[in-house]
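1. Quick one, fold the following:
(one chain, ligands or ions: 1)
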Amino acid sequence: MLKILVFGAGSIGTFLGTKLYAAGHNVVLYGRRKLKSLQEQIFINGEVYQLPPRCYQLHPDDYNAIFITTKLYDVKSALEEIGKYHFNPQIIAFIQNGIVDNDFYGEFQNHPGFVAVSVFNGYNLTGNQIIVTKSNLGLQVEDNLTGQKICELLISAGIKCHTTPNISQMRARKLIFNAASNALSAIEKKTIGDLLVDSEIKDIVDGIIQESWAVLKDDYHLPSLASLQKEIYQLTSKVKNHYSSMYQDLISGRNTEIEFLNGFIINLGREKGIKTPYNEQVYLKILEQQDNRK
Ligand SMILES: NC(=O)c1ccc[n+]([C@@H]2O[C@H](COP(=O)([O-])OP(=O)(O)OC[C@H]3O[C@@H](n4cnc5c(N)ncnc54)[C@H](OP(=O)(O)O)[C@@H]3O)[C@@H](O)[C@H]2O)c1
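-> Residues are numbered from 1 along each chain as shown. Okay, the predicted model is just below:
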């Protein structure tokens, strides 16, 4: 049995913590608004689970594993908070979409238990329900000792996890999927599957995939555009009923991760002299909707 801290219990964090707790681990959920709103029992795809113990203030403790499940824009402050307690876990796992430089993780990038997880499933926490939309790729981690440890841990809790020899490429593929679907799902208020049904929206999806591939292909050794597009369509069909987390963020008045998704591609495109008008179009619309909420 491991002692596990989940830092940032929202959609993914509450899911992981609850499944690991059900598998017999000693889990603590640490969170804010979403965590406070939960009841003691939670439904995951209709099945009832007991919520692990929660806390709203960290305490020094000997955690074996820490999962950071905040949005990317909250990771820096999460690390500052964690840094104060001198935890020394065997595993410190980061579960965020998007690509960031390893320097983003400060001193934690050199921690022997550092692992970045790429998530290809969809999780939506509303009320006391988590709806999980699974894809064939599940969760992906780097094929090293820590990656193997975390995979074993997650699989023991019934969570599909794979090791991959090239996690950077995997993250880039996931970034393109997110860039092509998250903002549009939020702007159009449609599920990810419904985006491809409308021919005008599908043209924008295709434009974003093409531009993003052109920007990322050399740095991340991406497969051909045709095979990437096929993968994204397959993934879309698996998670077709899911509303993106950006959609969830906008309707609940939270910030979005647009800067780390389409914003990342736009900036890298500028550096490389590659135009990204489709990414810019959705990027500006999301900024406008974020501003309108203020
Ligand atoms: N949801 C998905 O389907 C999905 C799929 C793949 C990848 N991801 C990635 O996974 C990451 C997490 O996504 P999510 O959908 O689970 O986000 P989320 O529901 O917003 O959960 C993040 C939680 O972290 C909490 N938090 C942030 N800073 C905190 C702090 N300093 N102390 C305590 N709690 C803190 C937030 O509190 P508040 O409740 O107060 O905001 C929020 O509840 C994102 O990077 C996302 O891109 C998500």
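2. Please make it C-alpha for all contacts and neighbour counts, starting now.
-> Noted.
3. so does the longest helix along the chain get close to the ligand?
-> Longest helix in the chain by number of residues, with DSSP state H as the criterion: helix 167-188. No - contact of helix 167-188 with the ligand is not found when judged by Cα under 6 Å from any ligand atom; the minimum separation is 8.6 Å.
4. elements contacting the helix or strand following that helix?
-> For helix 167-188, the following helix or strand on the C-terminal side (DSSP states H and E) is helix 192-195. Packing partners of helix 192-195 (3 or more Cα pairs under 8 Å, 6 or more residues apart in numbering; DSSP states H and E): helix 167-188, helix 199-216, helix 225-238.
5. okay, these, which one's buried deepest?
-> Highest mean neighbour count among the helices and strands packed on helix 192-195 (mean count of other Cα atoms under 10 Å): helix 167-188, with a mean of 23.
6. Would you mind listing what in the chain touches the ligand?
-> Counting by Cα under 6 Å from any ligand atom, the residues of the chain lying close to the ligand are 8-13, 30-34, 69-72, 74, 78, 95-97, 119-124, 245.
7. rerun that using 5 Å as the cut-off
-> Counting by Cα under 5 Å from any ligand atom, the residues of the chain close to the ligand are 8-12, 31-34, 69-72, 78, 96-97, 119, 122-123, 245.
8. Among these, which ones are in strands?
-> Among the residues of the chain next to the ligand, the members found in strands (DSSP state E) are 119, 122-123.
9. Redo those as JSON lines? Include distance to Asn45 and pLDDT.
-> Output for these, formatted as JSON lines (distance: Cα to Cα, whole Å; pLDDT from 0 to 100):
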{"residue": "Val119", "distance to Asn45": "18", "pLDDT": "95"}
{"residue": "Gly122", "distance to Asn45": "12", "pLDDT": "90"}
{"residue": "Tyr123", "distance to Asn45": "10", "pLDDT": "93"}
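10. From these, keep the buried residues only.
-> Buried by 16 or more other Cα atoms under 10 Å: 119, 122-123, out of those.
11. on contacts alone, who are the packing partners of the longest helix of the chain?
-> strand 118-119, strand 139-142, helix 192-195, helix 199-216, helix 245-251, helix 277-292.
12. tilt between that helix and helix 225-238?
-> Helix 167-188 and helix 225-238 are oriented at 60 degrees to each other (axes from the mean of the first three to the mean of the last three Cα atoms, to 10 degrees).
13. quick thing: my sequence starts at 28, can you match it?
-> Yep, numbering from 28; the last one is helix 194-215 now.
14. How far away from the center of its chain is helix 194-215?
-> Averaging C-alpha positions (Cα atoms, centre = their mean, to the nearest Å) puts helix 194-215 10 Å from its chain's average.
15. hey, C-alpha coordinates of that helix in PDB?
-> Listed next in PDB are the C-alpha coordinates belonging to helix 194-215 (Å, rounded to 0.1, in the frame of the first residue of the first chain):
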ATOM      1  CA  ILE A 194       7.100  10.500 -24.700                       C
ATOM      2  CA  SER A 195       8.000  13.900 -26.300                       C
ATOM      3  CA  GLN A 196       6.500  12.800 -29.700                       C
ATOM      4  CA  MET A 197       3.500  11.400 -27.800                       C
ATOM      5  CA  ARG A 198       3.000  14.800 -26.100                       C
ATOM      6  CA  ALA A 199       3.300  16.600 -29.400                       C
ATOM      7  CA  ARG A 200       0.700  14.300 -31.000                       C
ATOM      8  CA  LYS A 201      -1.600  14.900 -28.000                       C
ATOM      9  CA  LEU A 202      -1.000  18.700 -28.300                       C
ATOM     10  CA  ILE A 203      -2.200  18.700 -31.900                       C
ATOM     11  CA  PHE A 204      -5.300  16.700 -31.000                       C
ATOM     12  CA  ASN A 205      -6.000  19.300 -28.200                       C
ATOM     13  CA  ALA A 206      -5.200  22.300 -30.400                       C
ATOM     14  CA  ALA A 207      -7.700  21.000 -33.000                       C
ATOM     15  CA  SER A 208     -10.500  20.100 -30.600                       C
ATOM     16  CA  ASN A 209     -10.400  21.800 -27.200                       C
ATOM     17  CA  ALA A 210     -10.900  25.500 -28.300                       C
ATOM     18  CA  LEU A 211     -13.400  24.600 -31.000                       C
ATOM     19  CA  SER A 212     -15.500  22.400 -28.600                       C
ATOM     20  CA  ALA A 213     -15.500  25.500 -26.200                       C
ATOM     21  CA  ILE A 214     -16.300  28.100 -28.900                       C
ATOM     22  CA  GLU A 215     -19.000  26.000 -30.700                       C
END
